[in-house]
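Asker: Show me the folded form of this:
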Amino acid sequence: MLMRVTWGKIKPGKWDEYEKLWNAYAKRTSGASGLRGRYLLRDTDTKDAGYSISLWEKAGDFEAFKKTEPDAKEMAECFVGQYVTTVCEVRGSTP
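Answerer: Residues are numbered from 1 along each chain as shown. Prediction:
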């Protein structure tokens with residue numbers, strides 16, 4: 001399994017807009033092969049920061065999705081400064 005984790009800070013006052021765009025994108029891409037789930041997390045200490053996480057069954061599923069992934073430019077425009085995306089191999093989990 002793979003997990004893609006993106007962290008970033010959202011422009012002040014733009015969280016609600018970002019969340020709406022994120023939910024629309026998640027709905028639009030929910031049928032992607034191998035996608036096990038998506039999560040949007042808002043930092044409880046820094047209200048304009050958060051994480052977007054997606055969980056993928058196999059690396060091949062994720063790689064295929066990346067090749068055809070719809071543009072998410074409008075979400076990226078909500079970020080201020082740097083945002084970071086990391087792809088991780090899931091090495092353990094609990095139910």
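Asker: Figure out the helix or strand that the residue nearest the centre of the chain lives in.
Answerer: For the chain, residue 52 is the residue whose C-alpha lies nearest the centre (CA atoms, centre = their mean; 3.3 Å). Residue 52 belongs to strand 49-56 when assigned by DSSP states H and E.
Asker: Flag every buried residue along that strand.
Answerer: Using 16 or more other CB atoms under 10 Å as the test for burial, strand 49-56 gives 49, 50, 52, 54, 55, 56. Any C-beta I mention is one placed from the backbone N, CA and C, and that applies to glycine too.
Asker: chain center to the longest strand seen in the chain, what's the gap?
Answerer: The longest strand of the chain (DSSP state E) is strand 79-89. Chain-centre distance of strand 79-89: 9 Å, with CA atoms, centre = their mean, to the nearest Å.
Asker: what's the worst-scoring helix or strand of the chain on mean pLDDT in contact with?
Answerer: Scoring the helices and strands of the chain by mean pLDDT, DSSP states H and E places helix 73-76 at the bottom, with a mean of 87. Outside helix 73-76, the residues that touch it by CB atoms under 8 Å, 6 or more residues apart in numbering are 18, 21, 22, 25, 83.
Asker: and if we set it to 7 Å?
Answerer: Identification of contacts with helix 73-76 by CB atoms under 7 Å, 6 or more residues apart in numbering yields 18, 21, 22, 25.
Asker: so which of those is the most crowded?
Answerer: Among the contacts of helix 73-76, the one with the most neighbours (other CB atoms under 10 Å) is residue 18, at 23 neighbours.
Asker: per-residue confidence averaged over the helix or strand hosting it?
Answerer: In the assignment (DSSP H and E), residue 18 maps to helix 15-28. Averaged across helix 15-28, pLDDT comes to 95.
Asker: And that helix, what does it pack against?
Answerer: Of the remaining helices and strands, those touching helix 15-28 by 3 or more CB pairs under 7 Å, 6 or more residues apart in numbering; DSSP states H and E are strand 35-42, helix 73-76.
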